[in-house]
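Student: Have a look at this prediction, sequence included:
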Amino acid sequence: MPNPRNVVVIGAGPAGYVCAIRLAQLGQKVAVVEKEALGGTCLNVGCIPSKAMIVAGGLLEKIQKAAEIGIAVEGVRLDLGKLVSWKDAVVKKHTGGVATLFKSHKIEHLVGAGRILGKNKVEVNGAKERRVLECDDIVIATGSVPMGIPGFAFDGDKVWSSTDALAPKRVPEHLLVIGAGYIGLELGILYRKLGSRVTVIEFTEGALPGQDKDCVKVIERSLKKMEIDLMTEAAAKSWAKKGKGLEVTVELKKGGTKTYACDQILCTVGRKPYSEGLGLESIGLKVGDGGFLGVDKQMRTSVPNVYAIGDIAGQPMLAHKGSKEGLVAAAVIAGKKEAYDARCVPAVIFTSPEMASVGWSEAEAEKNGRRVKVGQFPFAASARATSLRETEGFVKMVVDADSDEVLGVHMVGPEVTELIAEAALAIELGATAEDVARTIHAHPTLPEAVMEAAESVHKLAIHVFQR
């Protein structure tokens, strides 16, 4: 067995820590440099805490509506302090799990900011000491940070970032959200369920830019039902204190301005890759458009022994994509034949109802020279969805009209963030709609909707009438 390589991973988010663990499993010597908590944004102030709070908001809503099915619950109240403490406990459990795995795999964890001094040298600046690490390979996994917009600098008080919104000391009376992407809508819906009045300002013509338009229509209808005010084709320009509250000035694309009174602003216009102070120039690396580092299919940068994974390596900026890239980079460093060759990357959005997507839309398939057929099955026809009292939405399957290959699946409805895994597997394996339709799905379950959507492609769905 060849001597293990010394590898320094800069960043311990879902890309970095996964890469480090796999490197250790493959017999390499690993040091991880992280200036904040293990787990990165996703585990500490992103995916995990937000989903924990979203679960709590959904439970509160279900309790409030339980009388509809004969369960009367009185005296329901929100203890915000306990909710935040519980969320913190969820985060602590999983960050602690990563720390335990590091210890078990003999991965050295250095607390501090990493800076590249050369292609085989990384400086670690910690609170108490400075160290220089010699290494064979460097993996850059520094993630991303929230983007701001002019006039709305994050201050943790009047103007929240997504991080601030996950550690509230109060539930705002009127929350104004800038940006109707998935982060803005997830958090906006959460606060609506916790009792806030919510207004969302979006620059484009609709919510969730870039997502399946039919799915988005369901989400927009749901926002109306929840009495969330969505203002599209509008740009937030400035804010000022007014009395005990705030006043936000919004410029409308069609002309003119509008002002909104609120008591809290949440700015969620996106995230940008983090490369500040990383020392990329010392090895001749430069970030390109969007702040990303260019990589090949083995996750190498233009410097052969320097790899980039996760958000800094390009779109989509999703934790699970970064984790996959981390596994690829680790295998390559360990001398294995490996490449990033995923056919698809699922996307999940924890709105109400949930939304999920994988593969091509109809337009993308046609742009890539495919003739398509589309099958769709509504959750209103699902017995399981009815028993859950969540019948909004549908499953849509996009299929190659000539080969019957599944090209894309788009869903909106109950627990679709779980259901999308079957669709991703179907695309990854090159399955046809007939393959999915012929697979027996347990009854009564939500995944039957995927099977029926596959049947619907050929006008053979059982539980809906098709002409």
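Tutor: In hand now; what should we look at? Everything quoted here is computed from the prediction, not taken from an experiment.
Student: Touching, Val399 and Arg370? I think so.
Tutor: No - look at Val399 against Arg370 with Cβ atoms under 8 Å: they stay out of range, at 9.2 Å. (C-beta placed from N, C-alpha, C; glycine too.)
Student: pretty sure Phe377 contacts Val464?
Tutor: Yes - using Cβ under 8 Å, Phe377 makes contact with Val464 at a distance of 6.4 Å.
Student: When the two are compared, which one has more neighbours?
Tutor: Neighbour totals were compared for Phe377 and Val464, and Phe377 leads with 26 against 14 (other Cβ atoms under 10 Å).
Student: For the more buried one, give me the backbone phi and psi.
Tutor: In terms of degrees, to the nearest 10, the main-chain angles of Phe377 are phi -130, psi 130.
Student: Give me the distance between the closest residue to Lys244 other than its chain neighbours and Phe154.
Tutor: Closest residue to Lys244 apart from its sequence neighbours, by Cβ to Cβ, 6 or more residues apart in numbering: Asp263 at 7.5 Å. Distance of Asp263 to Phe154, given as Cβ to Cβ, to the nearest Å: 17 Å.
Student: What of Leu101?
Tutor: 32 Å.
Student: go on, Lys213?
Tutor: According to Cβ to Cβ, Lys213 and Phe154 sit 31 Å apart.
Student: How many neighbouring residues does Thr439 have?
Tutor: Neighbours around Thr439, by other Cβ under 10 Å: 14.
Student: from memory it sits against Met451, does it?
Tutor: Yes - assessed by Cβ under 8 Å, Thr439 is found in contact with Met451 at 6.8 Å.
Student: can you tell me the helix or strand for Ser456?
Tutor: helix 448-457 (DSSP states H and E).
Student: Run through the helices of the protein in chain order.
Tutor: Ranges of helices within the chain are 16-25, 40-45, 47-64, 80-104, 162-165, 182-193, 213-225, 319-333, 362-367, 383-387, 416-428, 433-438, 448-457, based on DSSP state H.
Student: Show me the one of these that comes nearest Gly114.
Tutor: helix 16-25 (10.3 Å; Cβ to Cβ).
Student: Leu460 - nearest residue in space that isn't next to it in sequence?
Tutor: The shortest distance from Leu460 to any non-neighbouring residue, by Cβ to Cβ, 6+ apart, is to Ala437 (7.4 Å).
Student: residue contacts, the one you found?
Tutor: By Cβ atoms under 8 Å, 6 or more residues apart in numbering, Ala437 lies in contact with 451, 454-455, 457-458, 460.
Student: one more time with 10 Å
Tutor: Contact partners of Ala437, counting by Cβ atoms under 10 Å, 6 or more residues apart in numbering, are 375, 397, 404, 450-458, 460-461.
Student: which ones are touching Met451?
Tutor: Contacts of Met451 by Cβ under 10 Å, 6+ apart are 377, 395, 422, 436-441, 443, 445, 461-462.
Student: top of those residues by neighbour count?
Tutor: Result: Val395 is most packed of the contacts of Met451 (other Cβ under 10 Å), 30 neighbours.
Student: returning to what we had before: could the contacts of Met451 go into a markdown table alongside pLDDT?
Tutor: Formatted as a markdown table, the contacts of Met451 follow (pLDDT from 0 to 100):
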| residue | pLDDT |
| --- | --- |
| Phe377 | 98 |
| Val395 | 98 |
| Glu422 | 98 |
| Val436 | 98 |
| Ala437 | 98 |
| Arg438 | 98 |
| Thr439 | 98 |
| Ile440 | 98 |
| His441 | 98 |
| His443 | 98 |
| Thr445 | 98 |
| Ala461 | 98 |
| Ile462 | 97 |
